[in-house]
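Student: Got a predicted model here, sequence first, then my questions.
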Amino acid sequence: MDLIKAYKGINIFTKVLAGFIIGIAIGLIFGPQAAALEFLGTIMIRLISMIVVPLVLCMLIVAVADVGAKSLGKVGILTTLMFILSTPIAIGIGLVFAYMFNVGAGFPLPDDLAEATAANAPRMIDTLVNFIPNNIFAALTSANLMQIMFFAIITGVAITKLENKEQAQSLIDLFRTFGDAMQKVLGFIMEFTPIGVMGIIAWMVGTHGLAVLVPFAGYVAALYVAAIFYVVIVQIIVLAKIVGKVDIGVFLRASKESILFVFATSSSFATLPLAILASKKIGVSDRATNFIIPYGTVINMDGTAIYLAISVVFIARMYGIELGMADMLLIVISATLASIGTVGVPGAGVVMLNVVLLSLNLPVAAVALILGFDRLISPMRATPNVVGDLAVAAAVGRLTGEIGEPDPSVVRNKPATA
């Protein structure tokens, strides 16, 4: 009984960190046999995915109804602009670090590399049309977040337009209560998170090992360093600290669980519940958080943008093709447009990479090589997305007056000065 009490007293960050470390140890010790623990990670992701859709639906409806159409427009426009403008910045940083690390130079291209089939990116008009669900229940079943968001926003606005305000409030309270219940369910699920993280890490390390990084050391290093640089300078310092006026220590303490979780799972979708809690700890209002974080989970592709830039340079130099300044500009333009055009598309990162390669007339065959170790680079492709969501929430919250004092749990009293 005392052991159970002691375990419950440990915060989620410490538990997840312990699971992360234990997973690495198991993977190194047992090797491929550690793959047997993959089911633990699968269970964790399924549990979280189970709760995300109803949680997002309820929170968005309540957020729109609470904020109102007029205020939502300001929050929505600022959020969208920040997410879209961040994409070319991320691409530019990715290009700089790709050349700093000389990625792809001297790489021995296999002679038997088969021609890969390029993924087809949807037309912009098709993407816009696909935002509207044919059947909301089908959208809920398939976890199509863009369609769910469209339905939730329209429903929230419609509720605010009801003439009977008492009935409107009752409906809002119903969705709010159901959302609160889902957060309770989430609390139960989070207790399993450390075990799931342990299973995922043990499987990854045991299956791939550390040696798999050797042939792609420069590529992987460039991606990791560029992502960390972008997260620290652009997202934490510029957006959260300068624009959002959030203390860096507060931001990091509030978001540490989200960062560790997304790094372990490589899923910003699965990290959504933790990101929502982190945003509220930073001080962003419930109504702004409940809109910005789910919205960013779908459209924010900062990490993918960095991955695109470095991957394109890696592939070009692998084939001995040097890119000029005009090519760099084309990468920025095509990748930004591709990121908008592939919103909500499964495997959007791969689709975007093919779009950019084709726009530059580069071979798409090497995509097969990158996909072979995609799992190793996906943590740093996903982490900037989650940190970006939180940083934008802080910045938009400050610009719209939707941020207040941070949660006391993430504030540390400074020692008094003499």
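Tutor: Yes, it's here. Numbers count the residues shown, from 1 in each chain.
Student: for the stretch 251-400 of the chain, which spans come out with low pLDDT?
Tutor: Residues of the stretch 251-400 of the chain meeting the criterion pLDDT under 70: 337-351, 355, 358-359, 364-369, 371-375.
Student: Just the helices from it, written as ranges.
Tutor: With DSSP state H, counting those that start in this stretch as the criterion, the stretch 251-400 of the chain has helices at 272-282, 286-299, 302-318, 325-341, 348-359, 367-372, 374-400.
Student: need those in CSV with distance to P88 and mean neighbour count, can you?
Tutor: In this view, the C-beta of every residue, glycine as well, is placed from N, C-alpha and C. Putting the helices of the stretch 251-400 of the chain into CSV (distance: least, C-beta to C-beta, whole Å; neighbours: other C-beta atoms under 10 Å) gives the following:
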stretch, distance to P88, mean neighbour count
helix 272-282, 24, 25
helix 286-299, 15, 25
helix 302-318, 8, 28
helix 325-341, 5, 18
helix 348-359, 13, 22
helix 367-372, 22, 16
helix 374-400, 14, 25
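Student: Out of those, the one nearest H208 is which?
Tutor: Closest to H208 of the helices of the stretch 251-400 of the chain, according to C-beta to C-beta: helix 374-400, at 6.4 Å.
Student: Give me the angle between that closest one and helix 286-299.
Tutor: For helix 374-400 against helix 286-299, the angle by axes from the mean of the first three to the mean of the last three C-alpha atoms, to 10 degrees is 150 degrees.
Student: Off-centre distance for helix 374-400?
Tutor: 6 Å (C-alpha atoms, centre = their mean, to the nearest Å).
Student: Just want the angle from that helix to helix 302-318.
Tutor: Using the same axes, to 10 degrees: helix 374-400 against helix 302-318 is 140 degrees.
Student: sorry, back to before: looking at the helices of the stretch 251-400 of the chain, which is nearest to E163?
Tutor: Nearest of the helices of the stretch 251-400 of the chain to E163, taken as C-beta to C-beta: helix 286-299 at 22.8 Å.
Student: contacting residues around that closest one?
Tutor: Applying C-beta atoms under 8 Å, 6 or more residues apart in numbering, the external contacts of helix 286-299 come out as 56, 59-60, 62-64, 66-67, 72, 75-76, 79-80, 83, 145-146, 149, 268-269, 272, 275-276, 279-280, 284, 343-344, 385, 388-390, 392-393, 396-397, 400, 402-403.
Student: before we move on, what about stretch 40-58?
Tutor: So stretch 40-58 is contacted by 140, 143, 145, 148-149, 151-152, 175-176, 178-179, 182-183, 185-186, 189, 192-193, 195-200, 203, 265, 267, 269-270, 272-273, 294 (C-beta under 8 Å, 6+ apart).
Student: Spell out the residue ranges of the helices in the stretch 101-250 of the chain.
Tutor: So, for the stretch 101-250 of the chain - with DSSP H, counting those that start in this stretch - the helices run 124-130, 136-141, 145-160, 165-190, 193-208, 217-229, 248-265.
Student: which of the ones you listed has the lowest average pLDDT?
Tutor: Per-segment mean pLDDT for the helices of the stretch 101-250 of the chain reaches its minimum on helix 124-130, at a mean of 67.
Student: ok so, going back, which ChimeraX command selects the buried ones in the contacts of stretch 40-58?
Tutor: Here is the ChimeraX command that picks out the buried ones among the contacts of stretch 40-58, judged by 16 or more other C-beta atoms under 10 Å:
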select :140,145,148,149,151,152,175,176,178,179,182,183,186,189,193,195,196,197,198,199,200,203,265,267,269,270,272,273,294
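Student: was I right about L308 contacting I93?
Tutor: No: counting by C-beta atoms under 8 Å, L308 does not reach I93; the two are 11.6 Å apart.
Student: ok, and the closest non-adjacent residue to P32?
Tutor: G206 (5.7 Å; C-beta to C-beta, 6 or more residues apart in numbering).
Student: what's the neighbour count on that neighbour?
Tutor: Counted with other C-beta atoms under 10 Å, residues neighbouring G206 total 23.
Student: Surely it and G31 touch.
Tutor: Yes: assessed by C-beta under 8 Å, G206 is found in contact with G31 at 5.3 Å.
Student: How many residues are close by F20?
Tutor: By the criterion of other C-beta under 10 Å, F20 has 18 neighbours.
Student: Need the three-state assignment for it.
Tutor: helix (DSSP: H, G, I helix; E, B strand; the rest coil).
Student: Can you give me the pLDDT of it?
Tutor: Looking at F20, its pLDDT stands at 79.
Student: show me the contacts for it.
Tutor: Counting by C-beta under 8 Å, 6+ apart, F20 makes contact with 197-198, 201, 260, 264.
Student: Many thanks, I have nothing further to ask.
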